[in-house]
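Novice: just the structure for this:
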Amino acid sequence: MTDENTAGQRLEHVRERIRRACARAGREPAAVTLVAVSKTCGASDVAAMHAAGQDIFGESYVQEALPKMDALAGLPLRWHFIGRLQKNKAKYLTGRFELIHSLDSIDLAHMLHQKNAALGLTQPVLAQVNLTGEASKAGCSREETLALAEAVAGMPGLALKGLMLLPPWHEDPEANRGLFAQARALKDELSARLGFALPELSMGMSNDLEQAVEEGATLVRVGTDLFGARDAH
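Specialist: The predicted structure follows:
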């Protein structure tokens, strides 16, 4: 369990890492948003982190996220969905999350669009890219991302805000710097092709947030360095 004092210390440490990375890259710290990855954490852990000053939390599993969100409904929290989207669960996301990071197919886009449009809602989303072709990871290839982005641009129930990258894990945090740069270039290419700015680039976690920030991340997803190591879920 995370108490408020521990939460505050961990939160300040991560924010300082972001500030230093921004300074090295000539960026303003306000340009980078910290998403506290709270999957597998209890509601009390989230409440303690919120009391320490964090208000954006990322969840990966619909069946875990919704009860937790309901339990914490009295707090002014902002929720992002960062996990793999599944057709049988995606419908439950409507109206619950400020941003979905993990849209990776036109079929899922149509499903989300229809659900949102029927309710008069517009859901901000990121397209998840898989630039290495890892079979074990979700995400679109570069070519699929272009097609998905163009499709979503024509769906009033969705609003494309940028890209999300979940690269291979490496012990060396420098290992994925090239992929971070590729994702930034792809986001810029898509912005030019679509004719409107895509402001968000979600990439970087506990191990490599500095490299991601230096290459242009606007959202970093940090779990372990905020909540401690957790069992696989």
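Novice: next, the buried residues of stretch 139-154.
Specialist: Neighbour-count burial for stretch 139-154, counted by 16 or more other CB atoms under 10 Å, picks out 139-140, 144-146, 148-149, 151-152. Bear in mind the C-beta positions are built from the backbone N, C-alpha and C, glycine included.
Novice: show residues contacting stretch 52-72.
Specialist: Here stretch 52-72 makes contact (CB atoms under 8 Å, 6 or more residues apart in numbering) with 4, 7-8, 11, 33-40, 42-43, 46-47, 49-50, 76-84, 86, 89, 92-93, 96, 98, 101, 221, 223, 226, 233.
Novice: take the buried residues of stretch 139-154 and lay them out in TSV including distance to residue 180.
Specialist: Below are those laid out as TSV (distance: CB to CB, whole Å):
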residue	distance to residue 180
139	14
140	17
144	19
145	15
146	19
148	20
149	19
151	25
152	23
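Novice: burial count for residue 5?
Specialist: 11 (other CB atoms under 10 Å).
Novice: now swap in residue 79 and tell me
Specialist: Counted with other CB under 10 Å, residue 79 comes out at 23.
Novice: cool, residue 176 as well?
Specialist: When neighbours are defined as other CB under 10 Å, residue 176 has 26 of them.
Novice: contacts only, for it.
Specialist: Per CB under 8 Å, 6+ apart, neighbours of residue 176: 167-168, 170, 208, 211-212.
Novice: swap the cut-off to 10 Å and go again
Specialist: By CB atoms under 10 Å, 6 or more residues apart in numbering, residue 176 lies in contact with 131-132, 165, 167-170, 182-183, 203-205, 207-208, 211-212, 215.
Novice: excluding chain neighbours, what is closest to residue 198?
Specialist: Leaving aside its chain neighbours, residue 198 sits nearest to residue 162 (4.3 Å; criterion: CB to CB, 6 or more residues apart in numbering).
Novice: doesn't the one you found fall inside a helix?
Specialist: No - Residue 162 is assigned strand when assessed by DSSP: H, G, I helix; E, B strand; the rest coil, not a helix.
Novice: quick one: it and residue 152 touch, right?
Specialist: No - taking contacts as CB atoms under 10 Å, residue 162 lies outside contact range of residue 152: 11.4 Å.
Novice: overlap in contacts of the two?
Specialist: By CB under 10 Å, 6+ apart, the residues touching both residue 162 and residue 152 are 125, 127.
Novice: that'll do, ta.
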